[in-house]
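[1] Task: produce atomic coordinates for the following.
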Amino acid sequence: MLAEQVQTDFVTLTPAAAQAVQQLLEKRNLQGYALRVFVQGGGCSGFQYGMALEGNIRDADISGEFDGIKVVVDEISIDYLRGAMIDYVDDVMGSGFKIENPNAVSSCGCGSSFRTKDDAGSNGDGCGCH
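    Take a look at the predicted model:
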């Protein structure tokens, strides 16, 4: 098993995801930027994932590095993302980042919305993703 794919107390990137981020950084000529991964309320299952290329790293951010790509997560989102693995897939259905999150008990078909066991207020039914 690759070191980048070992589940940790943080978020991990697969080599494919790290390469995709590196290509984005190079294409946009962004030096010193990191991949920010976050969770926000919303989506059809209660929470949704977000990612951004970030040049403003805060002192409270939790960070790690995978294949030369710095990854940062804010102190609130880390509780929902601990142990998650980010991959990049490119297949006949399309290409994009995919998050495998051990904290999600259900997710929507769109792959960007999820629910945790502690999120009792949402049942995840009636997904509106298309």
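
[2] Which elements pack onto the helix or strand hosting residue 35?
    When elements are defined using DSSP states H and E, residue 35 is found to belong to strand 34-41. Identification of packing neighbours for strand 34-41 by 3 or more CB pairs under 8 Å, 6 or more residues apart in numbering; DSSP states H and E yields strand 47-54, strand 69-73, helix 78-81. (C-beta placed from N, C-alpha, C; glycine too.)

[3] Provide the contact partners of the helix or strand just after the last one at residue level.
    In this case it means helix 78-81. Sequence-wise, the next helix or strand beyond helix 78-81 is strand 85-91, with elements assigned using DSSP H and E. Contacts with strand 85-91, where a contact means CB atoms under 8 Å, 6 or more residues apart in numbering, come from 5, 7, 11-14, 16-17, 19-20, 37, 51, 95-100.

[4] Let's test this: mean pLDDT of the strand holding residue 35, rounded?
    Strand 34-41 shows a mean pLDDT of 93 in the predicted model.

[5] who does it pair up with?
    As defined by DSSP bridges, the strand partners of strand 34-41 come to strand 47-54 (antiparallel), strand 69-73 (parallel).

[6] Is residue 83 in contact with residue 9, as I believe?
    Yes - with contact defined as CB atoms under 8 Å, residue 83 and residue 9 form a contacting pair (7.1 Å).

[7] No further queries at this time; thank you.
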